[in-house]
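Engineer: after the sequence you'll find the predicted model.
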Amino acid sequence: MKLKTSELTLAAMFVALMAVGANITSIAPFMVVGGVPITLQTFFAILAGVVLGSRLGAIAMMVYAFVGLVGVPVFAQFGGGFGMFLKPTFGFIVSYVFTAWLTGYIIEKMKNTVGVFVFAALAGMAINYLFGTNWMYTAYKVWASAPEAFTYKLAWLWMVVPLPKDIILAVLAGVMGLRLKRTLSKSQFSNVKKVS
């Protein structure tokens, strides 16, 4: 699969945005609840799918995960390294690949309207929560030594805190994404799929 220079540039931009969004907690440590950092990664993963499409959006998220796993501190709280794979929250990082892909896929298959873009963004967010939360619960139960009182219901209760923020940001990503794609289709990044 050969990528154009403009595609590589856009993908790299989203890798950088993910790193920035991951470390909001470095300046606002109170945004960590129950060991789960409240970040802007979900927003940028959705936006990657909206703007880049399913294929390039997923590639950008895979590169982000790979860069972090090889040791670059791009994950939440400036984490990095292969050991991050064992963290209970690593499932959310894996989920960003599927989040971007599904968001982009829905947009590619449906009409280019604000409603479709917002629906795609919310669907991407749902995948992020489903995959990440189930991974987190499994990790705590299998290898992260969770207390006996830790239940599946409690895992989902932890996710209630970031949920309103992520819903609002997903809607914003859908609305912004439509405008960004129209702008990009008129710019030097003309290879991005045009929006009518």
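Structural biologist: On my side now, so go ahead. Numbers count the residues shown, from 1 in each chain.
Engineer: every contact and neighbour count from this point should use C-alpha atoms.
Structural biologist: OK.
Engineer: which SS class is residue 149?
Structural biologist: For residue 149, the reduced secondary structure class is coil; criterion used: DSSP: H, G, I helix; E, B strand; the rest coil.
Engineer: and the helix or strand encompassing residue 178, what does it pack onto?
Structural biologist: Assigned by DSSP states H and E, residue 178 falls within helix 163-185. Counting contacts by 3 or more Cα pairs under 8 Å, 6 or more residues apart in numbering; DSSP states H and E, helix 163-185 packs against helix 41-69, helix 114-142.
Engineer: tell me the angle the last one makes with helix 41-69.
Structural biologist: For helix 114-142 against helix 41-69, the angle between stretch directions is 50 degrees (axes from the mean of the first three to the mean of the last three Cα atoms, to 10 degrees).
Engineer: hang on, the earlier thing: for the record, mean pLDDT for the helix holding residue 178?
Structural biologist: If you average the pLDDT over helix 163-185, you get 89.
Engineer: report pLDDT for the most centrally placed residue in the chain.
Structural biologist: In the chain, the C-alpha closest to the average C-alpha coordinate belongs to residue 45, at a distance of 3.0 Å (Cα atoms, centre = their mean). Residue 45 is assigned a pLDDT of 97 by the prediction.
Engineer: so what's the nearest residue to residue 82 once chain neighbours are set aside up against?
Structural biologist: Take residue 82 and drop its neighbours on the chain: the residue closest to it by Cα to Cα, 6 or more residues apart in numbering is residue 69, 4.6 Å away. Going by Cα atoms under 8 Å, 6 or more residues apart in numbering, residue 69 touches 80, 81, 82, 83, 84, 85.
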